[in-house]
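[1] Make a model of this:
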Amino acid sequence: MQTTNTPLSTDLVREFVIAGHGNLEKVKKMLEERPDLLNAAYAWTENDHETAIQAAAQVGSVPVAEYLLENGAPLEICTAAMLGRKEEVKRRIRENPGNINSTGAHDITLLTHAALSGDIELVQYLFQNGAKTGSSSALQNAVTRGYYDLILKNHGAGE
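    Sure, this is the predicted structure:
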């Protein structure tokens, strides 16, 4: 990786964050050219900032998220949930029960991120521990990805 002292432009950060939504090759190329993009956040609005790993997490882009983690991006609880890292999510909630209400970029809930993983046990754990907000988004994510077992089980089927 090469380094540069040139400050990151807002347009470059925006381009990197947009690539984080699933364009692994572009993320790799941009990060190779500008390693300082790794944790750069784009301000969509005054109160809505997003990094590339948060972008990957909100759309369920496992390859981009894993690549960014391998390169030093922080593992936030919402990313851990999207990746189905159940024990990591549980540990963080045990350490701080308020983490059950964590949100990622654009205030997307932890539960919504967990639904992207398709991990029924993780989603159930979050519901059982009070994660109620964002359930319509979580349901939409589960339907979009074809995780019908997750949907049925969380609505009482098979009990």
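
[2] only C-alpha atoms for contact and neighbour calcs from this point on.
    Will do.

[3] Name the nearest residue to residue 62, sequence neighbours excluded.
    residue 83 (6.6 Å; CA to CA, 6 or more residues apart in numbering).

[4] Against residue 65, how distant is the one you found?
    8 Å (CA to CA, to the nearest Å).

[5] got any residues that touch both of these two?
    Common neighbours of residue 83 and residue 65 (criterion: CA atoms under 8 Å, 6 or more residues apart in numbering): residue 57.

[6] Show me how the chain divides into domains.
    Domain ranges of the chain: 7-74, 86-159, per automatic domain parsing.

[7] Confidence-wise, which of these is weakest overall?
    Of all these, mean pLDDT reaches its minimum on domain 86-159 (a mean of 78).

[8] Residue 96: what's it in contact with?
    So, once contact is read as CA under 8 Å, 6+ apart, residue 96 ends up touching nothing.

[9] Residue 61 now?
    Applying CA under 8 Å, 6+ apart to residue 61 gives the contacts 21-22.

[10] Next, it: phi, psi?
    phi -90, psi 90 (degrees, to the nearest 10).

[11] Report the secondary structure element holding residue 43.
    strand 42-45 (DSSP states H and E).

[12] and that strand, which residues are buried?
    For strand 42-45, burial by neighbour count (16 or more other CA atoms under 10 Å) applies to residue 42.

[13] which helices and strands sit right next to that strand?
    helix 10-19, strand 48-50 (3 or more CA pairs under 8 Å, 6 or more residues apart in numbering; DSSP states H and E).

[14] Any idea which of those gets closest to residue 37?
    Nearest to residue 37, of all the helices and strands packed on strand 42-45, is helix 10-19, at 6.7 Å by CA to CA.

[15] need the helices for this protein, in chain order.
    Remark: helices assigned in the chain by DSSP state H are 10-19, 24-33, 52-59, 62-70, 77-82, 86-95, 110-117, 120-128, 135-144, 148-154.
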